[in-house]
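Visitor: fold the following.
(chains A and B)
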Amino acid sequence: MRKTLSIILVCLFSLPALSQAILTIEITQGEATGLPIAVVEFGWQGKGKGKVPQQAPQNIGQIIESDLRRSGKFNPVPKKDFISQPHTNSDVVFKDWRIARAEALLIGNVTEVAGKRYQVEFRLYDVFKQTQLAGFRYTVSADMLRLVAHQISDLVYEKLTGEPGAFTAQIAYVTKEYRREQGRNRVVFKLQVADSDGYGPRTVVTSKEPLLSPSWSVDARRLAYVSFEHRRPIVYIQNLASGKRQKLSGFKGINSAPAFSPDGKNIALTLSKDGNPEIYVMNLANRRLQRLTKNRAIDTEPAWSPDGQRLVFTSDRAGKPQIYMMDRDGANVERMTFEGSYNARASYSPDGKRLTLVTRENGKYHIGVLYLNDRSLHVVTDTQLDESPSFSPNGAIIIYATEVRGRGVLASVSSDGRMRQLYRFETGDVREPAWSPINQQLRYQ
Amino acid sequence: MKKAIWMIPLTILALGLSSCGGDEAVKPDVDDQSGAQTTAADTGSSAGADLLSERRVYFEFDSSAIDGEYTAIVEAHAKHLSSNSNLNVTLEGHADERGTREYNLALGERRAQAVARMMKALGVSGSRIKVVSYGEEKPLALEHNESAWRQNRRVEIIY
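Guide: Residues are numbered from 1 along each chain as shown, chains lettered A, B, ... in the order given. The predicted structure is shown next:
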C-alpha cells in the first residue's frame, strides 16, 4: 500500500456552514495509473468598494481535482510541477504542460459580478493536440458554486473518458451521535443527504431510534428508509423538497430493505408479516403487494437490475447467506455466489454487468465486485467491517461504510479497486451510504 | 429511552434488576446480571427466581439455536408466564455488527422467534408473546471485538 496522503480541504477554504461536514478526505490507496491532468487553481476577481475578499467563496479547482482523483481514472499532476499558472486562454503555453507530463489541462476563473453572484468559466485542453476540448461559463449565487464545480468535473470526466460523470449526484447516509442530556448519554440518529464528496449535509430525519437502509427514488426526489421510531422497523417514503412523508409499510414483524424499481412505479421490500422475511413488490399507486419469495429461510436485501426485469437478493436457504437472482415475478431463482460462506447486500452496476456486495474472507467483511458474465468475484477492499456498498450512477465508484479506529466512516473505492478514499466526518458514526441517481432537473443549466 | 419504560414493570415485579441494558450508551464490561438481587419471586423457589432474573439468551454467530445452558432460563420464564396470566412478554432479538444490517435484522427476528417457539411449546399462548428485532442496531457492548459481539448476539426477555 502506498503512503497515506492526507488532504485537508476545509482548512484551506473554510466556510462556517461547512464546518460540520467532512474534515478530511484521505487517499488510502491509489495507483498512479489514471490520466494525468493538470488542474490549475482558478483565478479570482473580487468586486466592490473597500476590502476585496482574498479568495473566491469556494476553491473550484480544488473541488474538481478532488472529484477527478476520487474516480480513480485521473492522476492529477502535482502543483509543484507547474511551470505557469494560466487563468485565460491567452496565458496557456502548451509546452509547459508537456514538460509537466500533463495530458489534459483545466484552467478557469471566478469573477464576482453584480447582485452577489459569481461568474465561473473554465477551459479544458488536450495538451498534445493543443486544442480546447470544452469551455463553459456559468453565473450563479455563492451557494451554487460547489454544484458548478461538480458539474465541471462531470464535463471533464465525460470529455476525457467518454462516459458520463456522476459528481453532481448526492449521497444519503445515516449518522449516529451520542449526546449528553440530563446526565445521561442519548443516542441520536440522523438520515442525511450530502454532495457526492460529502459536503453540504442536510438532515432529512432525526430520531432517537435507529434509522437504516435509505433508498433513492429514480428521480432523486424521494427517499425510502426504515425507522424504528415506533420501536419496530417500519418503512417510510419522504419527499426531500417538502419534507413530507408517508408510512409505506407497517405490517406486523419486519418492514425493511426498500428498493425503488427503475421505472419508479414499484418498491421491493422485505416483510415478515407471514412469519419469516420474504421479498415483496409493492405497487406504489395502489399499494398492492406481490410476494416474490416463499421459503422458510431468510430472504432479504432485494435490488433491481437496471432494466427492472430481475432482482438480486440475499438468502440463507442453502444454510449461509448467499446472493440469488430471480425474475421480476419471483420465477427462475438462481444462486449467483459460491465463493465463501457469506455474501450479502448485492446491488447492480448501472450497466447491469456487475454486482457489488459484502463478502466474508478469513472472518473479515470486505466489498466485492461480482462480474455477471463469468461469475468471478473480485474483492476490492481490505478493511474488516465493510458494508452497504453502492455504485455511483456512472459505475465508476463504489461508496461503502467501514470502521476506522472504532468509528463508523464512509469510504469510496474505484470499481476496479485501485483508488480508495475515506470520508471523514467530525462526530459520531456514519453508515448506510446510498448513491443517488442523477436528477437531470437538479443539475444546473 | 427504553430503560425508563422498562423500569416500571420491573419495579412491580420487585426483581430489582440493576440494569436491563436498554441504554446502549452504557457499556457493561461483563454481563450485568451479577448485580441482580432477587428480593422476591412469584415462583416461590429461589432457584426459579435466579433464573427469572436472567433476561438474556445468547447465541452463536449466525445461529438461532438456543444452547442448552439457556433452555432453563426460557423454561423459567415460560413457567412464570403460565402462572401469571396477566403478563405479556416482548422478545427482542439482536445480532452483532458483523455482516449486513438487513440480514442481521432478519437474524434477530429468527432468534426471538426461536425463544417464542420454545415458550409456546411450554404452553404460553402466542397472543401473549410479542417478537421484535432490532438487528445490530442496539448493541449492548460498543467495542468491535469477539467479547462485545458475544454480548450483542442475544434475545432480551422483557415484561
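
Visitor: quick one: the helices in chain B, in order.
Guide: Taking DSSP state H, the helices of chain B run over residues B:2-13, B:46-53, B:68-83, B:101-121, B:146-152.

Visitor: so in chain A, which helix runs the longest?
Guide: helix A:145-161.

Visitor: hmm, who's touching whatever helix or strand comes next after that helix?
Guide: For helix A:145-161, the following helix or strand on the C-terminal side (DSSP states H and E) is strand A:170-181. For strand A:170-181, contacts defined as Cβ atoms under 8 Å, 6 or more residues apart in numbering or on different chains pick out A:185-196, A:198, A:204, A:210-212, A:214, A:216, A:220, A:223, A:399, A:401, A:408, A:410, A:425, A:427-436, B:25. All C-beta spots, glycine's among them, are computed from the backbone N, C-alpha and C.

Visitor: what pairs with strand A:170-181, parallel or antiparallel?
Guide: strand A:184-195 (antiparallel), strand A:429-435 (antiparallel) (DSSP bridges).

Visitor: where does the prediction get shaky in chain B?
Guide: Regions of chain B meeting the criterion pLDDT under 70 cover residues B:1-49.

Visitor: follow-up on the earlier one: possible to save the helices of chain B as CSV with distance to A:Ser415 and mean neighbour count?
Guide: Below are the helices of chain B laid out as CSV (distance: least, Cβ to Cβ, whole Å; neighbours: other Cβ atoms under 10 Å in any protein chain shown):
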stretch, distance to A:Ser415, mean neighbour count
helix B:2-13, 41, 14
helix B:46-53, 53, 17
helix B:68-83, 45, 18
helix B:101-121, 22, 24
helix B:146-152, 30, 17
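
Visitor: of all the ones you listed, which one is nearest A:Thr356?
Guide: Closest of the helices of chain B to A:Thr356 is helix B:101-121, at 15.1 Å (criterion: Cβ to Cβ).

Visitor: next, count neighbours for A:Gln45.
Guide: 14 (other Cβ atoms under 10 Å in any protein chain shown).

Visitor: ok so, going back, make JSON lines out of the strands paired with strand A:170-181 and add mean pLDDT.
Guide: Shown next, in JSON lines, are the strands paired with strand A:170-181 (pLDDT from 0 to 100):
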{"stretch": "strand A:184-195", "mean pLDDT": "91"}
{"stretch": "strand A:429-435", "mean pLDDT": "94"}
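
Visitor: ok so, going back, quick check on the contacts of strand A:170-181: which are buried?
Guide: A:187, A:189-196, A:198, A:204, A:210-212, A:214, A:216, A:220, A:223, A:399, A:401, A:408, A:410, A:425, A:428-436 (16 or more other Cβ atoms under 10 Å in any protein chain shown).

Visitor: report the closest residue of the stretch 51-200 of chain A relative to chain B.
Guide: Going by Cβ to the nearest Cβ, chain B is nearest to A:Asn185 of the stretch 51-200 of chain A, at 3.2 Å.

Visitor: and the stretch 51-200 of chain A, which residues reach chain B?
Guide: Within the stretch 51-200 of chain A, the positions adjacent to chain B are A:Tyr178, A:Arg184, A:Asn185, A:Arg186, A:Val187 by Cβ under 8 Å from any Cβ of the partner chain.

Visitor: recalculate using a threshold of 10 Å.
Guide: The stretch 51-200 of chain A comes close to chain B at residues A:Val174, A:Lys176, A:Tyr178, A:Arg179, A:Arg180, A:Arg184, A:Asn185, A:Arg186, A:Val187, A:Phe189, as judged by Cβ under 10 Å from any Cβ of the partner chain.

Visitor: can you name the two of these that are farthest apart?
Guide: A:Val174 and A:Arg184 (22.0 Å).

Visitor: so between those two, which is more surrounded?
Guide: The residue with more neighbours, out of A:Val174 and A:Arg184, is A:Val174; 29 against 13, by other Cβ under 10 Å.

Visitor: from A:Thr359, how far off is the residue lying closest to the more buried one once chain neighbours are set aside?
Guide: Taking Cβ to Cβ, 6 or more residues apart in numbering or on different chains, and ignoring the residues beside it in sequence, A:Val174 has A:Glu432 as its nearest neighbour in space, at 4.3 Å. Look at A:Glu432 and A:Thr359: by Cβ to Cβ, to the nearest Å, they are 18 Å apart.

Visitor: please give me every residue in contact with the residue lying closest to A:Leu372 once chain neighbours are set aside.
Guide: Ranked by Cβ to Cβ, 6+ apart and with sequence neighbours excluded, the top spatial neighbour of A:Leu372 is A:Lys353, at 5.7 Å. Shown in contact with A:Lys353 (Cβ atoms under 10 Å, 6 or more residues apart in numbering or on different chains): A:Pro306, A:Leu370, A:Tyr371, A:Leu372, A:Asn373, A:Gly395.

Visitor: show me which positions of the longest helix of chain A end up buried.
Guide: A:145-157, A:160-161.

Visitor: which one of those is nearest to A:Gln421?
Guide: The nearest member of the buried residues of helix A:145-161 to A:Gln421, counting by Cβ to Cβ, is A:Ser153 at 14.5 Å.

Visitor: ok, now which ones touch the closest one?
Guide: With contact taken as Cβ under 10 Å, 6+ apart, A:Ser153 is in contact with A:39, A:60, A:63-68, A:70-71, A:74, A:106, A:165-168, A:196-197.

Visitor: one step back: ok and the longest helix of chain A relative to strand A:170-181, angle-wise?
Guide: 140 degrees (axes from the mean of the first three to the mean of the last three Cα atoms, to 10 degrees).

Visitor: give the rounded mean pLDDT of helix A:145-161.
Guide: For helix A:145-161, mean pLDDT rounds to 94.

Visitor: centre of the chain versus that helix, how much separation?
Guide: For helix A:145-161, the separation from the chain centroid amounts to 15 Å (computed by Cα atoms, centre = their mean, to the nearest Å).

Visitor: for it, C-alpha coordinates in CSV please.
Guide: Only the C-alpha atoms of helix A:145-161 are listed here, as CSV (Å, rounded to 0.1, in the frame of the first residue of the first chain):
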residue,chain,number,x,y,z
LEU,A,145,-20.6,27.2,-6.6
ARG,A,146,-19.9,23.7,-5.3
LEU,A,147,-22.6,22.3,-7.6
VAL,A,148,-21.0,24.2,-10.5
ALA,A,149,-17.6,22.7,-9.6
HIS,A,150,-19.1,19.2,-9.6
GLN,A,151,-20.8,19.9,-12.9
ILE,A,152,-17.4,20.9,-14.4
SER,A,153,-16.0,17.6,-13.0
ASP,A,154,-18.8,15.8,-14.8
LEU,A,155,-18.0,17.5,-18.1
VAL,A,156,-14.2,16.9,-17.8
TYR,A,157,-14.9,13.3,-16.9
GLU,A,158,-17.2,12.8,-19.9
LYS,A,159,-14.9,14.5,-22.3
LEU,A,160,-11.8,12.5,-21.3
THR,A,161,-13.3,9.1,-20.5
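
Visitor: check which residues of stretch B:126-145 are buried.
Guide: B:128-141, B:144.

Visitor: what of stretch A:213-226?
Guide: A:213-218, A:220-226.

Visitor: of these, closest to A:Asp263?
Guide: Nearest to A:Asp263 among the buried residues of stretch A:213-226: A:Val218, at 7.4 Å, using Cβ to Cβ.

Visitor: for the record, mean pLDDT for stretch A:266-277?
Guide: pLDDT averaged over stretch A:266-277 gives 96.
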